[in-house]
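Colleague: All I have is the shape, not the residue letters:
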(Lines give C-alpha, C1' and ligand atoms only; values in the text may rest on other atoms or scores of the structure.)
Protein backbone atom coordinates (compact mmCIF):
# COMPACT_ATOMS: atom_id res chain seq x y z
CA UNK A 1 0.00 0.00 0.00
CA UNK A 2 2.97 2.30 0.48
CA UNK A 3 2.75 5.03 -2.14
CA UNK A 4 -0.27 3.45 -3.85
CA UNK A 5 -2.64 6.33 -3.12
CA UNK A 6 -0.17 8.83 -4.59
CA UNK A 7 0.07 6.74 -7.77
CA UNK A 8 -3.73 6.56 -8.03
CA UNK A 9 -4.07 10.33 -7.72
CA UNK A 10 -1.31 10.88 -10.30
CA UNK A 11 -3.14 8.53 -12.68
CA UNK A 12 -6.40 10.44 -12.18
CA UNK A 13 -4.62 13.73 -12.88
CA UNK A 14 -2.97 12.39 -16.03
CA UNK A 15 -6.25 10.96 -17.40
CA UNK A 16 -8.03 14.30 -17.18
CA UNK A 17 -11.41 12.56 -16.84
CA UNK A 18 -14.42 14.52 -15.60
CA UNK A 19 -14.98 11.98 -12.81
CA UNK A 20 -13.04 9.16 -11.20
CA UNK A 21 -13.91 6.53 -8.63
CA UNK A 22 -11.47 5.19 -6.05
CA UNK A 23 -12.98 2.09 -4.47
CA UNK A 24 -11.35 -0.04 -1.79
CA UNK A 25 -12.84 -1.62 1.32
CA UNK A 26 -9.70 -0.77 3.27
CA UNK A 27 -10.48 2.93 2.98
CA UNK A 28 -13.25 2.38 5.56
CA UNK A 29 -10.71 1.78 8.29
CA UNK A 30 -8.56 4.81 7.50
CA UNK A 31 -7.62 6.94 10.48
CA UNK A 32 -8.55 10.64 10.66
CA UNK A 33 -4.88 11.48 9.98
CA UNK A 34 -4.82 9.29 6.86
CA UNK A 35 -8.08 10.82 5.66
CA UNK A 36 -6.71 14.33 6.20
CA UNK A 37 -3.64 13.43 4.11
CA UNK A 38 -5.85 12.01 1.35
CA UNK A 39 -8.08 15.08 1.34
CA UNK A 40 -5.03 17.35 1.17
CA UNK A 41 -3.79 15.41 -1.85
CA UNK A 42 -7.25 15.68 -3.46
CA UNK A 43 -7.78 19.35 -2.57
CA UNK A 44 -8.13 20.33 -6.25
CA UNK A 45 -10.97 17.86 -6.79
CA UNK A 46 -14.59 17.71 -5.71
CA UNK A 47 -14.54 14.69 -3.42
CA UNK A 48 -17.56 12.60 -2.48
CA UNK A 49 -17.41 9.76 0.04
CA UNK A 50 -19.83 6.95 -0.81
CA UNK A 51 -20.33 4.07 1.60
CA UNK A 52 -22.06 0.91 0.38
CA UNK A 53 -23.89 -1.03 3.07
CA UNK A 54 -25.55 -4.41 2.94
CA UNK A 55 -27.72 -6.36 5.34
CA UNK A 56 -25.78 -7.76 8.31
CA UNK A 57 -26.46 -11.43 7.49
CA UNK A 58 -25.16 -10.99 3.96
CA UNK A 59 -22.25 -8.92 5.20
CA UNK A 60 -21.14 -11.48 7.77
CA UNK A 61 -21.23 -14.42 5.40
CA UNK A 62 -19.50 -12.40 2.69
CA UNK A 63 -16.71 -11.30 5.04
CA UNK A 64 -16.23 -14.88 6.27
CA UNK A 65 -16.04 -16.15 2.69
CA UNK A 66 -13.49 -13.46 1.89
CA UNK A 67 -11.43 -14.46 4.93
CA UNK A 68 -11.54 -18.12 3.80
CA UNK A 69 -10.11 -17.07 0.44
CA UNK A 70 -7.27 -15.45 2.39
CA UNK A 71 -6.31 -18.57 4.36
CA UNK A 72 -8.78 -18.40 7.26
CA UNK A 73 -9.34 -21.97 8.39
CA UNK A 74 -11.99 -21.25 11.03
CA UNK A 75 -15.51 -22.55 10.44
CA UNK A 76 -18.24 -19.91 10.14
CA UNK A 77 -19.52 -20.38 13.72
CA UNK A 78 -16.02 -19.89 15.19
CA UNK A 79 -15.37 -16.86 12.99
CA UNK A 80 -18.72 -15.35 14.08
CA UNK A 81 -17.76 -15.84 17.75
CA UNK A 82 -14.52 -13.97 17.03
CA UNK A 83 -16.39 -11.12 15.32
CA UNK A 84 -18.76 -10.83 18.28
CA UNK A 85 -15.68 -10.58 20.52
CA UNK A 86 -14.31 -7.80 18.23
CA UNK A 87 -11.53 -9.98 16.85
CA UNK A 88 -10.76 -9.19 14.10
CA UNK A 89 -11.19 -5.55 15.08
CA UNK A 90 -10.82 -4.61 11.39
CA UNK A 91 -14.31 -5.98 10.71
CA UNK A 92 -15.86 -3.37 12.98
CA UNK A 93 -13.63 -0.54 11.73
CA UNK A 94 -14.84 -1.28 8.21
CA UNK A 95 -18.49 -1.91 9.06
CA UNK A 96 -19.63 0.44 11.84
CA UNK A 97 -21.52 2.98 9.78
CA UNK A 98 -21.69 5.89 12.23
CA UNK A 99 -17.94 5.76 12.95
CA UNK A 100 -17.05 5.53 9.28
CA UNK A 101 -19.29 8.46 8.40
CA UNK A 102 -17.80 10.53 11.24
CA UNK A 103 -14.30 9.93 9.85
CA UNK A 104 -15.21 10.32 6.18
CA UNK A 105 -17.61 13.29 6.29
CA UNK A 106 -15.13 15.67 4.76
CA UNK A 107 -15.95 18.99 3.19
CA UNK A 108 -19.64 19.53 2.59
CA UNK A 109 -21.95 17.03 4.32
CA UNK A 110 -23.88 16.83 1.02
CA UNK A 111 -20.79 15.07 -0.39
CA UNK A 112 -21.22 12.07 1.92
CA UNK A 113 -23.55 9.34 0.67
CA UNK A 114 -24.80 5.94 1.81
CA UNK A 115 -25.85 3.41 -0.83
CA UNK A 116 -27.74 0.31 0.24
CA UNK A 117 -27.00 -2.94 -1.53
CA UNK A 118 -29.96 -4.62 -3.22
CA UNK A 119 -31.15 -8.08 -2.18
CA UNK A 120 -29.83 -11.23 -3.86
CA UNK A 121 -31.32 -11.83 -7.28
CA UNK A 122 -31.42 -8.14 -8.19
CA UNK A 123 -30.16 -7.02 -11.61
CA UNK A 124 -26.35 -7.11 -11.76
CA UNK A 125 -26.13 -3.37 -12.45
CA UNK A 126 -28.38 -2.32 -9.54
CA UNK A 127 -25.51 -1.38 -7.19
CA UNK A 128 -24.01 0.77 -9.93
CA UNK A 129 -27.38 2.41 -10.62
CA UNK A 130 -27.80 3.26 -6.92
CA UNK A 131 -24.24 4.59 -6.74
CA UNK A 132 -24.78 6.78 -9.81
CA UNK A 133 -28.10 8.07 -8.47
CA UNK A 134 -26.48 9.04 -5.14
CA UNK A 135 -23.98 11.18 -7.04
CA UNK A 136 -26.61 12.63 -9.37
CA UNK A 137 -25.14 10.96 -12.44
CA UNK A 138 -27.50 10.12 -15.24
CA UNK A 139 -27.26 8.32 -18.53
CA UNK A 140 -25.69 5.05 -19.53
CA UNK A 141 -22.30 4.29 -18.04
CA UNK A 142 -20.01 1.58 -19.32
CA UNK A 143 -18.96 -0.78 -16.55
CA UNK A 144 -15.93 -3.04 -16.59
CA UNK A 145 -17.81 -6.34 -16.55
CA UNK A 146 -21.18 -7.98 -16.87
CA UNK A 147 -19.97 -10.88 -14.74
CA UNK A 148 -22.12 -11.29 -11.63
CA UNK A 149 -20.33 -11.12 -8.29
CA UNK A 150 -21.59 -14.42 -6.94
CA UNK A 151 -20.83 -15.55 -3.42
CA UNK A 152 -19.40 -18.90 -2.50
CA UNK A 153 -21.99 -21.28 -1.13
CA UNK A 154 -21.51 -23.08 2.17
CA UNK A 155 -20.20 -26.17 0.37
CA UNK A 156 -17.67 -24.16 -1.67
CA UNK A 157 -16.53 -22.15 1.36
CA UNK A 158 -16.15 -25.30 3.47
CA UNK A 159 -14.13 -26.94 0.71
CA UNK A 160 -11.94 -23.83 0.42
CA UNK A 161 -11.38 -23.86 4.19
CA UNK A 162 -10.35 -27.54 4.09
CA UNK A 163 -7.97 -26.88 1.21
CA UNK A 164 -6.44 -23.98 3.18
CA UNK A 165 -5.79 -26.37 6.10
CA UNK A 166 -3.58 -28.49 3.85
CA UNK A 167 -1.59 -25.69 2.22
CA UNK A 168 1.78 -25.17 3.92
CA UNK A 169 2.14 -21.81 5.66
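Modeller: Cool, got the structure. Everything numeric in this text was worked out from a predicted model, so none of it was measured.
Colleague: Could I get the contacting residues of the residue nearest the centre of the chain?
Modeller: Among the residues of the chain, the one closest to the centroid is residue 25, at 3.0 Å (CA atoms, centre = their mean). Residue 25 makes contact with residue 94 under the criterion CB atoms under 8 Å, 6 or more residues apart in numbering. Quick note: C-beta positions are derived from backbone N, CA and C, even for glycine.
Colleague: From residue 51, how far out is it?
Modeller: Going from residue 25 to residue 51 by CB to CB, to the nearest Å gives 11 Å.
Colleague: what about residue 151, how many neighbours?
Modeller: Look at residue 151: counted by other CB atoms under 10 Å, it has 14 neighbours.
Colleague: ok, it - contacts?
Modeller: Neighbouring residues of residue 151 by CB under 8 Å, 6+ apart: 61-62, 65.
Colleague: what would those look like in TSV with neighbour count and distance to residue 79?
Modeller: Below are the contacts of residue 151 laid out as TSV (neighbours: other CB atoms under 10 Å; distance: CB to CB, whole Å):
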residue	neighbour count	distance to residue 79
61	18	10
62	15	12
65	19	10
